[in-house]
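1. sharing a model prediction with you, sequence too.
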Amino acid sequence: MHMNFASMSLDQFQNHFSTDSACIEYIFHTKWPEGFSCPRCKHSHAYVTTTRRLPLYECCHCRHQTSLISGTIMEGSRTELTKWMLALFLFSRTNKGTTAIELSKLIKVTYKTAWLILYKIRSMIHSSDNQTPLSGSVCINSAIYGRPYNPSVRKHPQEHLLLIGSSVNEWNEFTYLKIKHVLLTNPKERHIPHFETKAFQQQHIESDTQNIEIVTGFYTPTRLRPLLIFAKQASKWINKTFHGLGPKHLQKYLDEFSYRQNLSSKNIPIFAHLVQLCFKPACY
C-alpha cells in the first residue's frame with residue numbers, strides 16, 4: 001500500500017481510486033495496518049458483512065460491530081469514498097490546498113458538502129496540533145493578520161492579533177510552528193496582554209520547558225524576524241487562496257498553514273500524513 005501519491009497527477013489519482021473497492025482496501029490498511037483490531041477488545045478476527053454499501057465487521061470474540069469508517073473523519077457521511085479520497089488528495093497539494101468552491105466542482109458535490117468536508121479535515125488538523133505541544137527551546141512572537149495599516153496603538157477592525165511560536169533546535173532552526181489567533185475582550189486594543197501569552201504557554205508548550213523566549217511588543221527591535229516571515233507567508237497564503245478571512249474560522253486556516261509548513265520543512269508528504277490523521281481513530 002506504499003505508493004508515492006505526491007508524484008501523481010489528478011487523473012492518475014482518480015484512476016487509481018475510481019472504485020469503492022479500491023478505496024475500501026486502502027482505508028482498511030491505513031486504519032488497521034496490522035489487520036483488523038476490535039475497538040472494544042482488540043481481538044484480531046471478525047465476521048465481515050459485505051451486503052451493505054460499506055463493509056461491517058463483527059468481532060468474533062465480543063460480537064462488537066464496527067464499520068470501516070467509524071472513528072474516522074468520514075463517520076456519519078453519506079458522500080462516496082471516491083469523493084472523500086479525491087478531496088484529501090486535492091487538500092494535500094503542497095502550498096496550495098483547495099477552496100470549497102473549487103472542491104465542489106472537482107468532486108461534483110454541493111458547496112455545502114464541500115465546505116463540510118474541508119471543515120472536518122481542518123478540525124482534525126486543529127485537534128492534532130492542540131495535542132502536539134512545543135518543547136525544548138521555544139520562541140514566541142506577536143504578529144498581525146490583516147491588511148497593513150498605519151502604525152498605531154489602536155487596532156483596526158480588520159486586523160487580527162496573533163501569537164506565533166516554534167520549537168527551535170541547536171542550529172536555530174524552527175522545527176514545529178504554531179500560529180494562534182488572540183481574541184481580545186477589547187477589540188480596539190493593539191497589545192497582547194500578559195495573560196494571553198501565559199495561556200499560550202499553558203496550552204501549547206510542554207510544562208517542563210525551561211528555555212522560552214517571548215517578545216510581544218510590536219515595535220521591539222529584538223522581534224524574531226524569521227518567525228514574522230511565517231506570519232506574513234500565512235497572511236499571503238490565506239488572502240491569495242481564500243481572499244481573506246474573518247475571525248470566526250481564522251484559527252483553523254492558520255493551523256492548516258502551520259501544518260503544511262511543518263510537514264514541508266521535514267519533507268513529509270502531506271497526503272500520506274493526512275490520511276493517517278483522518279483514517280486512524282485515536283484509540284489505535
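-> Received it, and whenever you're ready, just let me know what you need.

2. for stretch 44-61, buried residues please.
-> Of the residues in stretch 44-61, those with enough neighbours to count as buried (16 or more other CB atoms under 10 Å) are 46, 54, 56-57, 59. Where you see a C-beta, it was placed from the backbone N, CA and C, and this is true even at glycine.

3. so for stretch 66-76, mean pLDDT?
-> When the per-residue pLDDT values of stretch 66-76 are averaged, the result is 94.

4. right, I mislabeled it, should have said stretch 255-273
-> On average, the pLDDT along stretch 255-273 is 94.

5. centre of the chain to that stretch, how far?
-> In terms of CA atoms, centre = their mean, to the nearest Å, the gap separating the centre of stretch 255-273 from the centre of its chain is 9 Å.

6. next one: stretch 179-195
-> So, by CA atoms, centre = their mean, the centroid of stretch 179-195 is 23 Å from its chain's centroid.

7. what does it contact?
-> Contacts to stretch 179-195, defined as CB atoms under 8 Å, 6 or more residues apart in numbering, come from residues 142-143, 145, 152-155, 157, 159-165, 196, 200, 204, 216, 218, 230-231, 234, 247, 250-251, 254-255, 257-258.

8. now do the SS call for the closest residue to L68 other than its chain neighbours.
-> Once its chain neighbours are removed from consideration, L68 has its nearest residue in L54; the separation is 5.0 Å (CB to CB, 6 or more residues apart in numbering). Going by DSSP: H, G, I helix; E, B strand; the rest coil, the secondary structure assigned to L54 is coil.

9. so for this protein, the centremost residue is which one?
-> The C-alpha lying nearest the average C-alpha coordinate of the chain belongs to I125 (CA atoms, centre = their mean; 2.5 Å).

10. tell me the pLDDT of that residue.
-> We note a pLDDT of 97 for I125 in this prediction.

11. for it, give me its contacts.
-> I125 is in contact with 252, 255-256, 259, 277, counting by CB under 8 Å, 6+ apart.

12. got phi/psi on it?
-> As for I125, its main-chain torsions (degrees, to the nearest 10) stand at phi -60, psi -40.

13. how near is it to S67?
-> Applying CB to CB, to the nearest Å, one obtains 24 Å for the distance of I125 from S67.

14. residues near the closest residue in space to Q276 that isn't next to it in sequence, how many?
-> Spatially, and ignoring its direct neighbours in sequence, Q276 is nearest to T30 (6.6 Å; CB to CB, 6+ apart). Taking other CB atoms under 10 Å as the criterion, the count of residues near T30 is 16.
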